[in-house]
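K.L.:
using only what follows, build the 3D model:
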Amino acid sequence: MEDIRWKKFKLYGDYNVDMRSLYLAWATPGGLEKWFLRKADFFTVPQRLRTCDEQISKEDTYEWHWHGYDNTVVEKGQVLEANGLDLIKFTFTGGSTVTVSFSTRNGLTIIDLVQENIPQESDPEKNLLVQCQIGWTFYLANLKSVMEGGKDLRNKRVELVSCFK
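P.N.:
I've put the predicted structure just below:
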């Protein structure tokens, strides 16, 4: 019997930032590039490249590039939901899906991130649940740092990447 505990995780973060600003940080190419990606390209169904501040839509496809890697390393996927207000869902690495929902509580904006349908891997170094959970934890913290204080915590120095592998 398959152990479903290794197929899904949930993280959350609280932000002293208005919900609209946080949603746009996830829902526009320029927003994602401020805290998450080196380059975020989104394409409409007719394959038009979205502009930096244009909101993504359901059925858009994407090509993401990470700091510390050249352009041959690319994450490709599709936007499954983007309601313009409080929900974004997209395909992600290994055929998994990520759902990001936004709400407010006690004057704070809360982001809930769920990654599910994660394929199981016998090699611990390739375990997507562990690697993605570590990655999302960092990026949710970086989102908080960028949005609340303006400090970007990402390593953008390619010459240091080999130190971390």
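K.L.:
neighbours of Q133, just the number please.
P.N.:
Neighbour count for Q133, taken as other Cβ atoms under 10 Å: 17. Heads up, the C-betas are built off the backbone N, CA and C, glycines and all.
K.L.:
low-confidence ranges in this protein?
P.N.:
1-3, 124, 158-165 (pLDDT under 70).
K.L.:
cutoff 80 now
P.N.:
Scanning the chain with the threshold set as pLDDT under 80 gives 1-5, 121-126, 157-165.
K.L.:
quick one: contacts of the longest helix that it contains?
P.N.:
If you go by DSSP state H, the chain has its longest helix at helix 128-149. Helix 128-149 has contacts (Cβ atoms under 8 Å, 6 or more residues apart in numbering) with 6-9, 11, 13, 15-17, 21-22, 25, 34-36, 92-94, 96, 111, 113, 115, 118-119, 121, 124, 151-154.
K.L.:
likewise for stretch 85-103?
P.N.:
Residues from elsewhere that reach stretch 85-103 (Cβ under 8 Å, 6+ apart): 19, 22-23, 26-27, 56, 62, 75, 77-82, 109-119, 128, 132.
K.L.:
chain center to that stretch: distance?
P.N.:
Mean C-alpha position of stretch 85-103 versus that of the full chain (Cα atoms, centre = their mean, to the nearest Å) differs by 8 Å.
K.L.:
which parts of it are buried?
P.N.:
86, 88-94, 96-102 (16 or more other Cβ atoms under 10 Å).
K.L.:
which two of these have the greatest separation?
P.N.:
Greatest spacing in those, by Cβ to Cβ: D86 and G94 (26.2 Å).
K.L.:
just the ones of the contacts of helix 128-149 in helices?
P.N.:
Using DSSP H, the subset of these located in helices is S21, L22, A25, K34, W35.
K.L.:
apart from its chain neighbours, what residue comes closest to the third one?
P.N.:
Ranked by Cβ to Cβ, 6 or more residues apart in numbering and with sequence neighbours excluded, the top spatial neighbour of A25 is G31, at 4.0 Å.
K.L.:
likewise the second one?
P.N.:
Distances taken as Cβ to Cβ, 6+ apart place T109 nearest to L22, at 5.3 Å, with adjacent residues excluded.
K.L.:
re earlier: list just the nearest of the buried residues of stretch 85-103 to L49.
P.N.:
L49 has its nearest neighbour among these in F90, at 17.1 Å by Cβ to Cβ.
K.L.:
ok, now how distant is the closest one from D18?
P.N.:
Applying Cβ to Cβ, to the nearest Å, the value for F90 to D18 is 23 Å.
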